[in-house]
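[1] here you go, sequence then predicted model.
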Amino acid sequence: MNVKPLFPTPVAYFYNFITEKERLRISESIKNNKTSHLPHLAIDGDGSSTHIPLLSAKGVLQRGSPPNIIDNDIKKRLQTAVDEYVKMYGLQSVSVKTIWSNIQNVGSRLIEHRHAGSIVSGALYINVGDESKLYFHNPNPYIYYSQYAERTDYNYEFQWLKVENCQLVLFPSWLQHGKYSEIIEMDERMVVSFNCEIFSKRS
């Protein structure tokens with residue numbers, strides 16, 4: 001039998017993307033901006049984010065402006081990593097745009113969600129536990145309609161990637177991620193996330 005795995009979805013990850021010194025500096029910056037973190041629909045329980053939708057006078061949802069928590073050198077490195085990812089993926093050039101930080105405490109959960117209006121999204125792990133994971137869900141909407149005798153790479157409903165401090169993960173923004181049943185078991189779990197848009201939109 002010959003098998004061709006159709007429609008693979010690339011998720012890229014970079015270990016030690018930032019140094020320990022940079023990680024600690026970003027962590028301190030996030031702590032110093034706790035008042036900028038507010039409840040978010042993607043986080044259930046004791047958690048908050050600087051990615052806050054704002055409602056304008058015309059009734060249009062707009063993103064708030066999160067505090068500047070990473071320096072220009074790291075931003076440039078993020079863009080270089082994204083450039084490498086989109087080239088491998090065959091996408092148009094995209095630019096790192098909105099950057100925000102999330103804080104989760106004991107008992108909180110990251111609800112399954114996608115990043116609408118973006119092409120590529122990323123997560124930079126600043127303070128996570130030894131068993132921390134990022135869950136991704138099968139984009140096949142019909143995966144639940146079949147009965148499987150056993151789990152293989154072709155029929156998983158979700159898969160997870162173990163993540164650690166200083167690690168960067170890149171993925172297509174349409175890929176659903178998070179898992180409601182995964183309960184955070186630490187305080188001050190910190191992640192810096194970002195979205196990328198078509199390069200021509202760069203301001």
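    Okay, I see it. Residues are numbered from 1 along each chain as shown.
[2] so what does K76 have for phi and psi?
    Main-chain torsions, K76, degrees, to the nearest 10: phi -60, psi -40.
[3] whoops, I mixed them up, I26
    The phi/psi pair for I26 (degrees, to the nearest 10) reads phi -70, psi -40.
[4] run through the strands of this protein in chain order.
    12-14, 43-44, 47-49, 53-55, 61-63, 94-104, 109-113, 120-127, 133-137, 158-162, 168-172, 177-179, 189-198 (DSSP state E).
[5] using a markdown table, lay out those strands together with distance to L24, mean neighbour count and mean pLDDT.
    The C-beta positions use only the backbone N, C-alpha and C, and glycine is treated the same way. Formatted as a markdown table, the strands of the chain follow (distance: least, C-beta to C-beta, whole Å; neighbours: other C-beta atoms under 10 Å; pLDDT from 0 to 100):
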| stretch | distance to L24 | mean neighbour count | mean pLDDT |
| --- | --- | --- | --- |
| strand 12-14 | 19 | 17 | 98 |
| strand 43-44 | 23 | 20 | 96 |
| strand 47-49 | 21 | 21 | 94 |
| strand 53-55 | 30 | 10 | 56 |
| strand 61-63 | 27 | 11 | 50 |
| strand 94-104 | 14 | 22 | 95 |
| strand 109-113 | 23 | 17 | 96 |
| strand 120-127 | 9 | 24 | 98 |
| strand 133-137 | 22 | 19 | 97 |
| strand 158-162 | 22 | 14 | 95 |
| strand 168-172 | 17 | 22 | 98 |
| strand 177-179 | 26 | 20 | 96 |
| strand 189-198 | 11 | 22 | 96 |
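[6] got a list of what the closest residue to R77 other than its chain neighbours touches?
    Closest residue to R77 apart from its sequence neighbours, by C-beta to C-beta, 6 or more residues apart in numbering: F17 at 7.2 Å. By C-beta atoms under 8 Å, 6 or more residues apart in numbering, F17 lies in contact with R77, A81, L124, C166, Q167, L168.
[7] just give me the closest of those to H37.
    Closest approach between the contacts of F17 and H37, by C-beta to C-beta: L124, at 16.3 Å.
[8] one step back: TSV for the strands of the chain, including distance to K87?
    Formatted as TSV, the strands of the chain follow (distance: least, C-beta to C-beta, whole Å):
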stretch	distance to K87
strand 12-14	11
strand 43-44	32
strand 47-49	30
strand 53-55	31
strand 61-63	27
strand 94-104	11
strand 109-113	27
strand 120-127	12
strand 133-137	21
strand 158-162	21
strand 168-172	12
strand 177-179	23
strand 189-198	13
